[in-house]
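Participant: let me see the structure of the following:
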Amino acid sequence: MLLIDDDSGIRSTARAILEAVGHVVSEASDGAQGIEIFARSDFDLVITDLYMPGKEGIETIQEVLDQGPDTPILAMSGGGGGGGGALVDAQLLGAAATLKKPFTAAQLRDAVSKLIPG
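Facilitator: All right, here's what the predicted structure looks like:
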């Protein structure tokens, strides 16, 4: 799976949680880098923050879906400028699920397992 977030702490924590249950995780620090990585590999899931410098999460979601319309996307946000509205916008655009930051390890594992069971 591909994890896109500008916060290195979130990336390292989420990566550790997901790798502990057997997932292989690639990381990107912003949307532009995430799209470049996504274009070079096949991913069973993309997890993206919505508020990042440069290419925001909504733009990133649109580009991921343009390149891989069957790839599920988990959008996450700590609120930022738009509060929960951005998470709703992400789902309307095509994100399969959303997760509000801060989240627990169990919430992240549960959200991911619903999108890529097994």
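Participant: only C-alpha atoms, please: export the helix or strand bottoming out on mean pLDDT in the chain in CSV.
Facilitator: Here the helix or strand of the chain ranked lowest by mean pLDDT, DSSP states H and E is helix 85-93, holding a mean of 91. Extracted in CSV, the C-alpha atoms of helix 85-93 (Å, rounded to 0.1, in the frame of the first residue of the first chain):
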residue,chain,number,x,y,z
GLY,A,85,-16.2,18.6,5.4
ALA,A,86,-13.0,17.6,3.6
LEU,A,87,-13.5,14.0,4.6
VAL,A,88,-17.1,14.2,3.2
ASP,A,89,-15.7,15.8,0.0
ALA,A,90,-13.1,13.0,-0.3
GLN,A,91,-15.8,10.3,-0.1
LEU,A,92,-17.9,12.2,-2.7
LEU,A,93,-14.9,12.2,-5.0
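Participant: okay, now the unreliable bits of this structure?
Facilitator: 79-84, 118 (pLDDT under 70).
Participant: quick one, helices of the chain?
Facilitator: Secondary structure of the chain by DSSP state H: the helices cover 8-20, 31-40, 57-67, 85-93, 105-115.
Participant: isn't residue 45 right up against residue 4?
Facilitator: No - using Cβ atoms under 8 Å, residue 45 makes no contact with residue 4, being 11.3 Å away. (Glycine included, C-beta is placed from N, CA and C.)
Participant: shared neighbours, the two?
Facilitator: Listed contacts common to residue 45 and residue 4 are nil; contacts here mean Cβ atoms under 8 Å, 6 or more residues apart in numbering.
Participant: what sits against residue 71?
Facilitator: For residue 71, the contacting residues are 38, 43, 44, 45, 46, 64, 65, by Cβ under 8 Å, 6+ apart.
Participant: check these and tell me the two furthest apart.
Facilitator: 44 and 65 (14.9 Å; Cβ to Cβ).
Participant: quick revisit: more crowded one of residue 45 and residue 4?
Facilitator: residue 4 (29 against 20; other Cβ atoms under 10 Å).
Participant: what about the residue nearest to that one when sequence neighbours are not counted, how many residues close to it?
Facilitator: Nearest residue to residue 4 in three dimensions, chain neighbours excluded: residue 34, at 3.7 Å (Cβ to Cβ, 6 or more residues apart in numbering). With neighbours defined by other Cβ under 10 Å, the count for residue 34 comes to 27.
Participant: thanks a lot, see you next time.
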